[in-house]
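Q: Sharing a sequence plus its predicted fold:
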Amino acid sequence: MFIIHLLNISLMLVGCSHTIPPDPGKPQSPPHLGSAAPAIPSVSPSTKQTHAPESTLPVSVTADLSPLIQVIQAMLPERFTEEGNPLGADYRWQFVRDGEPQVHIQDGIVKYHATYKGEIESPALRACRLDPLYPVIEGTGRLSIKEQEQSVVVILIDPRTTIDLKPESDSSCNMFKIPVKDQLAEILDRDALTRRFSQSVDRAAYTLPLNLVLERLQQPIAVGHDNMQVCFYSQVQEFIVGSMEGSANRTTITSVSKQIPIALTQTACPPVKAARPIKMHIDRSIVSTLERQPYKILLTVPVPYTLVSQQLQQRLFHQQVKLPTILGDNLLIEHVTASDGNGRTLLSVNTSGAVKGTVYYWGVPRLEQDGNVISISDIEMAAESKTALDQVKIGYWQTVDLELKPRLQKAASMDLSAQMRTARNALSAQHKNGWLQLDLLIARQEAGQVVSTRNGLMTEVVLEGPASATGQLPIEQRSQRSQTQKSLTEEATSGFSVQH
């Protein structure tokens, strides 16, 4: 009996069986297959950002800004007198506010209206007394926000004040060189009123703790059940605050969160700390543009090599392969396994019959049908196996490869449509994360890539669809009210007084 020692391969020649001691080494990836893909040792959110697309998530948080109404009402004095006013040397006046000022906040626009009743007199030789006079003070401004650490503080911009007279006011005389209505701007110190209007909001220092939104967005969301749990990580990179909409007691702050969202199918969803502080700024123009962009999630579904090997074994076990030789050699597939080899897939086919031993194949996994199918179509017999087979007869490896390779290609195709559908359905829903609600609707799926690692095949698909986040945010006042009131009272010497 003639025995030929080969690399882990035993051959049967012309009906004779030959058993060769197996070689413990495995073949190395041939150079012409290309450079090896990077191996990912385990599924981790922090290692997936390289391939994940950037997305923008519209975020709408609602806050009750009605406390600002009382702040603005308080800044309007109950009484105006000439005390402290330069015109007080020549004129006397007193105006008392008629009821509470009316303050209205809608879509971030503030409007107030206050009516007064009083008189003006001149003690000069040609005395003139106007009584009654009914001044009407109205103001407008726009609420805005200013960055402050990880929160934003509410401020007032573009404040404006107008002073008018009701038609029923006394017009029997005029002690001024200009119409009384125009003179009221100086008497009631319109510029000081405008400053008080703006400063009342600024000094109240009401803040919106957007850091709470960022904390919620950064927390993983676990969805699914049984052995199929999907862990969703938004991975916030930037937070942009836009405009205000709605009434005072229900003002919605529209924002967008720039993210690199990923979803992983695994048994646990550990929290991940942000690698760097999240950038937050205000840009009303860009928010409306980013809100219309699609939301994309990189979904990773791991396929263990044990599962791949199990499918190969079920489909190929004891398949008889007829070789196109003169004597009609047959080989029998005994055992097939799949494993990682430096970022490629290594198929080990143990056979008996005409070829007794292990034949190795290198393969490159690919995703097909929108990522629902893994194929290993680019399969090539390892150089070591080719050399061993050619020691029997030149070109014998091609004879074996011609029949064995198509079987391997067909058996290695894996249908992931059920896993992908389960993951899509789990993500496409309303997700409660404390007081923040995330709405996802997966409308489209496209294939990404599949990477061979020591743990298995990591399949990546991109899910796309509309998404948004909503929640109720508390409003906080950082400065003490007494300090605010003290500051406002200190300005009372500028032409008017505040009485409480």
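A: Cool, the structure landed.
Q: C-alpha from now on. contacts and neighbour counts both.
A: OK.
Q: buried set for stretch 178-189?
A: By neighbour count on 16 or more other C-alpha atoms under 10 Å, the buried set for stretch 178-189 is 180-181, 185, 187-189.
Q: now the residues you listed in JSON lines, with distance to residue 401?
A: Formatted as JSON lines, the buried residues of stretch 178-189 follow (distance: C-alpha to C-alpha, whole Å):
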{"residue": "180", "distance to residue 401": "105"}
{"residue": "181", "distance to residue 401": "102"}
{"residue": "185", "distance to residue 401": "98"}
{"residue": "187", "distance to residue 401": "102"}
{"residue": "188", "distance to residue 401": "99"}
{"residue": "189", "distance to residue 401": "97"}
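Q: Touching, residue 381 and residue 399? I think so.
A: No. Counting by C-alpha atoms under 8 Å, residue 381 sits too far from residue 399 to count as a contact (11.8 Å).
Q: So for the two, which residue has more residues nearby?
A: residue 381 (21 against 13; other C-alpha atoms under 10 Å).
Q: The more buried one pairs with what?
A: Taking DSSP bridges as the rule, residue 381 bridges to residue 361.
Q: gap between it and residue 443?
A: As judged by C-alpha to C-alpha, to the nearest Å, residue 381 and residue 443 stand 41 Å apart.
Q: do residue 451 as well
A: Separation of residue 451 from residue 443 (C-alpha to C-alpha) stands at 25 Å.
Q: Look at these two and report which has more neighbours.
A: Counting neighbours by other C-alpha under 10 Å for residue 451 and for residue 443 shows that residue 451 has the greater number, 22 against 11.
Q: Extract the C-alpha set from whatever helix or strand the more buried one lives in and format it as PDB.
A: Secondary structure assignment for residue 451, by DSSP states H and E: strand 444-453. Presented in PDB, the C-alpha positions along strand 444-453 are these (Å, rounded to 0.1, in the frame of the first residue of the first chain):
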ATOM      1  CA  ARG A 444     -36.900  51.000   4.900                       C
ATOM      2  CA  GLN A 445     -34.000  48.600   5.200                       C
ATOM      3  CA  GLU A 446     -30.800  48.400   3.200                       C
ATOM      4  CA  ALA A 447     -27.800  46.100   3.400                       C
ATOM      5  CA  GLY A 448     -24.700  47.300   5.100                       C
ATOM      6  CA  GLN A 449     -21.800  44.900   5.600                       C
ATOM      7  CA  VAL A 450     -21.000  41.700   7.200                       C
ATOM      8  CA  VAL A 451     -17.700  41.200   9.100                       C
ATOM      9  CA  SER A 452     -16.200  38.000  10.200                       C
ATOM     10  CA  THR A 453     -15.000  38.000  13.800                       C
END
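Q: quick check: mean pLDDT across the helix or strand just after it?
A: Using DSSP H and E, the next helix or strand after strand 444-453 towards the C-terminus is strand 456-465. What strand 456-465 shows for mean pLDDT is 95.
Q: buried sites along strand 456-465?
A: Those would be 456-465, for strand 456-465 by 16+ other C-alpha under 10 Å.
Q: Can you give the contact residues for whichever helix or strand comes after it?
A: Downstream of strand 456-465, the first helix or strand assigned by DSSP H and E is strand 467-472. Contact partners of strand 467-472, identified using C-alpha atoms under 8 Å, 6 or more residues apart in numbering, comprise 57-63, 295, 435-441.
Q: which among those end up buried?
A: Applying 16+ other C-alpha under 10 Å to these, the neighbour count classes 57-63, 295, 436-441 as buried.
Q: In strands, which of those appear?
A: 57-63, 295, 436-440 (DSSP state E).
Q: does residue 175 really touch residue 124, like I thought?
A: No. Taking C-alpha under 8 Å as the definition, residue 175 is not a contact partner of residue 124, at 9.4 Å.
Q: the more surrounded of those two?
A: Taking neighbours as other C-alpha under 10 Å, residue 175 and residue 124 compare with residue 175 leading, 17 against 10.
Q: residue ranges for the helices of the protein, please.
A: Applying DSSP state H to the chain gives helices spanning 67-75, 180-187, 190-204, 210-218, 284-290, 305-316, 383-390, 396-411, 417-427, 481-490.
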